[in-house]
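Visitor: Below is the sequence, then the predicted model.
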Amino acid sequence: MSLLQITNMSKTFGGLRAVSDFSISLEGQELIALIGPNGAGKTTVFNMVSGFYSPTEGSLVFKGKNLAGLKPHQVTALGIARTFQNIRLWHDMTVLENIQISQHYNLGYNLLDAFLRSGRYMKNEKRLTDRGYEILEALDLKAFALEKPKNLPYGLQRRVEIARALSINPSLLLLDEPAAGLNSADVKDLIKLIKWIHGEFKIAIWMIEHQMDVVMSLCSWIKVIDFGVTIAEGTPEQIQKNPDVIKAYLGDENI
Amino acid sequence: MLASIIQNLFNAFQWGSFYSLIALGYTLVYGVLRLINFAHGDIFMVGAYIAFFIATAILGMAMSLPGWMVLAMVIPATMILTALVGVSLERIAYRPLRRKGAHRLYVVITALMCGLVLENGNLALLGASRKSFPELVDKVVYSIGDVSMTNLKIGVVLSAVLVFIFLQFIVTKTKIGMAMRAISYDKFAVPLMGIPIDTVIVFTFILGSSFAGLAGLLFALSYPILDPYMGAMVGWKAFIAAVVGGIGDIRGAFLGGFLLGFVEILVVAVFPSTYRDLIAFAILMVILCIKPTGMFGVAGTTKI
Amino acid sequence: MQKLTVPTLLLAMTGVVVFMSHQEYIDLYIQSVIMFMGVNIILSSSFNIVNGYMGEFACGHAGFMAVGAYVTSILNVMLFTDDKVFGNALLSPELAVFLFPVTLLVGGVAAALAGVLVAIPSFKTRDDYLAIITIAANYIIISTIINMDSIGGARGFMGMKKVLFAMDDSLSVPWILIWVMVFTIGTVFIIRRFVSSTYGKGIIAIKQDEVAAEIMSVNTNRMKLVAFMLSSGLAGIAGGLFAHILGYINPNSFGILKSTECLVMVYLGGMGSLSGSVLSAIIFTLLLESLRFVLPWMDTVLHYAHLLPDGYELSQVWKWVIIPLILILLMQFRPEGIMGNRELSDIFPGLKRFYSFK
């Protein structure tokens, strides 16, 4: 059984077809990329996978479960985590709190426990803190646990966001332009980080990325969309030579 | 039976005209600044009081003047003075916040508080005694069958329609109207295009407040008892009308005002009149839950 | 040991105040000021859950207060007193002493259920539209009460003094003062535990980035429901206490002006600061009470200096000009309020030895 099976997924916004007939199948541990010119509908695809938009047509099946009608937090609880193009951390809370709050799908206690500070509350709060430190340690962020993200450099914020996404134990990690806004040294670190995560956590990673060096050095399979339509897919070598892709990126007359 | 229906329809038109006139002011300011000017209902009240003071002053000086001449002087004077109140509110309370780039929330709270200051300030200064507005227009009753209408009521409906046509013209056909629409799209790009943003905003407040003043005057002529809280409820209702129509849209505010007028007259015809406010607010709640953007509003999309 | 300092201090303070009231060392006026302070602390800190911690803009807190006030009052009058409308007491008046906190909680639950009225629209709307919804809800609640003739309608509802007398007959201590203090401390306690738990921090996440909260597995709709219900429920309890302090309630005393008081207190104290809410409630109560004396005094002075015309009297209405003005000035010059989103223990780190906020 495949991890994620998307069949003929389409999304229309008031007559505008943002994504049409998008299909993909992930087995479990791939590292793939979705590329395409600006406004091609890449983030819309991610928004549908993570539950923010419901597809106009088509189906999404994750771990044998149909995602139709699920809210984003339910999709996340099933094991799809994501990051955002423009970093969306809770900037006025500490890095550790950012991780702890992301464990909402698995708190292990309820409101009454919180009021009473019951044994269950104490035990689980400790577990959440341990989990936070564990994931921060794994990603070399432990030193910043009590800092606020807004005070961290951009590259580290990106790292914190990835740590936060990993903290929910995902089977699929969606990275929306992880290299956006990073300088070249940070990009090198990022490539190393993603490679390491892929090897260490044994999860599927699916990224949207504009920087071709990142895509080419990481991904084994690339899917290209333009105006919502899939125009090519294949290995990095195949994509680099594909005339349709070149046309989409550079325009017609350049050929 | 038919006559009473037509009579009620006509009353609803007149009642709705007040809502329309005030709702237009809400919608203008919202359309440009994305600010709900919660003080607008109280500007309407201030307009009524200004009209009262001017009218009594003129009558005090020249008793012999005919009513229509007094009215001809009171109308522009009221509109100008009320516009002044609206503009000073903008200058004193809203503009400094806008300059500082304060969160919208703070501006909304300020607007709400300015309304309370106007209401209670009025009460504190003038006392609780109600003012009765002098009768400027000789009432003429036109009866067609069992349906009767007065010249005053016809005037009210006509003014609302004229104001609507005027505003629609300003916003869609003139240069400053174009600037107003541009500001609502992008507050940051507009100054770069050489449009004097503050002038446009002041102009918006002049338009909105002067017509609130006109509404206050017409209201005082129709229901000649003034009290400091008269603007609160009418203002809220007009605001409902603007939301129902789709706040930010001039057609919406105009039609929404009439719609609310009809609903209220209908409610009073069926239920005890104390249910009027309850039902008006319940309608607001339902509309906001089902279609928050109103009849003509366009849904804003959140970008993720 | 040091962790227990604060509870001990609070207990001692309650004891002292109750004892002094019982012995009539402090008169009824001071007692009522203390009680209003308590009610205001409940109001401002509970309102802070929604407007401060969750960053929504609700404006109708007084509506929920009205629900709590009416439900608790009607229950108590029905159960423990002989009333013209509700007939003879259903239970023995001696039970009032024990059941008073229960009826208060029932009023709180009723108010919490009314809170659902605004919580559900808040799933989809924010900011000014939510403000409208909450104001509309406030008006709807008040209009509904006005239209219910059996509970007095616009005339108001009374009989709560008899409930207090019934309690006093059982044991003569200042019961209402005790319950105000108990519920005030309890409220602050509960809110502190809520917002310092990872569960409760979900609402802070909603304030800072709702999209991120939803994507990181926070059930934002449920959190909003919890926050609104908790906030309005506590307001309901405040309403119940308020009704019994006054002994008489009127739907119009829970109007937009009362909600404005709550807004002033929250923004004066600082959004998302519990100690700020408590402080501002105390300051605000004192300010209101002092205006009661200052205004006539100013009236005399200004008349003496011939700054005011003879026929004009500086009335208490000026209070309602001054209070909105305070908020306007606050928005202009210090929109973050007294405390911002910090707690007392952030400003005076020494306090951390005695109580830890996190």
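Guide: Ah, there it is.
Visitor: Show me which residues of the stretch 1-150 of chain A are close to chain B?
Guide: Within the stretch 1-150 of chain A, the positions near chain B by CB under 8 Å from any CB of the partner chain are A:F13, A:T43, A:N47, A:F52, A:F84. Any C-beta I mention is one placed from the backbone N, CA and C, and that applies to glycine too.
Visitor: if you set the cut-off to 10 Å instead, what comes out?
Guide: Among all residues of the stretch 1-150 of chain A, those adjacent to chain B (criterion: CB under 10 Å from any CB of the partner chain) are A:13-14, A:43-44, A:46-47, A:50, A:52-53, A:72, A:82, A:84-86, A:88.
Visitor: worst-scoring helix or strand of chain B, pLDDT-wise?
Guide: Comparing helices and strands within chain B by mean pLDDT, DSSP states H and E singles out helix B:189-192 as the least confident, with a mean of 77.
Visitor: all strands for chain B, in order.
Guide: Using DSSP state E, the strands of chain B run over B:131-132, B:141-144, B:147-150, B:225-226.
Visitor: Adding mean neighbour count, write those strands out as CSV.
Guide: As requested, these are arranged in CSV below (neighbours: other CB atoms under 10 Å in any protein chain shown):
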stretch, mean neighbour count
strand B:131-132, 14
strand B:141-144, 10
strand B:147-150, 16
strand B:225-226, 16
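Visitor: got a list of what the closest residue in space to B:C289 that isn't next to it in sequence touches?
Guide: In space, and not counting its chain neighbours, B:C289 is closest to C:P121: 5.1 Å by CB to CB, 6 or more residues apart in numbering or on different chains. With contact taken as CB atoms under 10 Å, 6 or more residues apart in numbering or on different chains, C:P121 is in contact with B:M285, B:V286, B:L288, B:C289, B:P292, C:Y129, C:L130, C:I132, C:I133, C:T134, C:A136, C:A137.
Visitor: any weak-confidence spans in the chain?
Guide: Defaulting to chain A. Applying pLDDT under 70 to chain A picks out residues A:251-255.
Visitor: try again with chain C
Guide: Judged by pLDDT under 70, chain C has its weakly predicted residues at C:1-3, C:353-358.
Visitor: Give me the most central residue, it.
Guide: Most central in chain C under CA atoms, centre = their mean is C:L43, positioned 2.0 Å from the mean C-alpha point.
Visitor: measure that one to C:H61 for me?
Guide: If you measure C:L43 against C:H61 using CB to CB, to the nearest Å, the figure is 6 Å.
Visitor: what sits in contact with each of those two?
Guide: C:S231, C:L234, C:A235, C:A238, C:G239, C:K258, C:S259, C:E261, C:C262, C:M265, C:V266.
Visitor: Quick check: the farthest pair among those?
Guide: Taking CB to CB as the measure, these span a maximum distance of 16.9 Å, between C:G239 and C:V266.
Visitor: okay, the two: which has more neighbours?
Guide: Here C:G239 and C:V266 are set side by side on neighbour count (other CB atoms under 10 Å in any protein chain shown), and the busier one is C:G239, at 35 against 29.
Visitor: Around chain C, which positions in the stretch 51-200 of chain B sit nearby?
Guide: Contact residues (CB under 10 Å from any CB) of the stretch 51-200 of chain B with chain C: B:92-93, B:96-97, B:100, B:102-128.
Visitor: Just the buried ones among these, please.
Guide: Restricting those to buried positions leaves B:93, B:97, B:102, B:104-124, B:126, with burial counted as 16 or more other CB atoms under 10 Å in any protein chain shown.
Visitor: These in helices, which ones?
Guide: Judged by DSSP state H, the subset of these located in helices is B:97, B:104-124, B:126.
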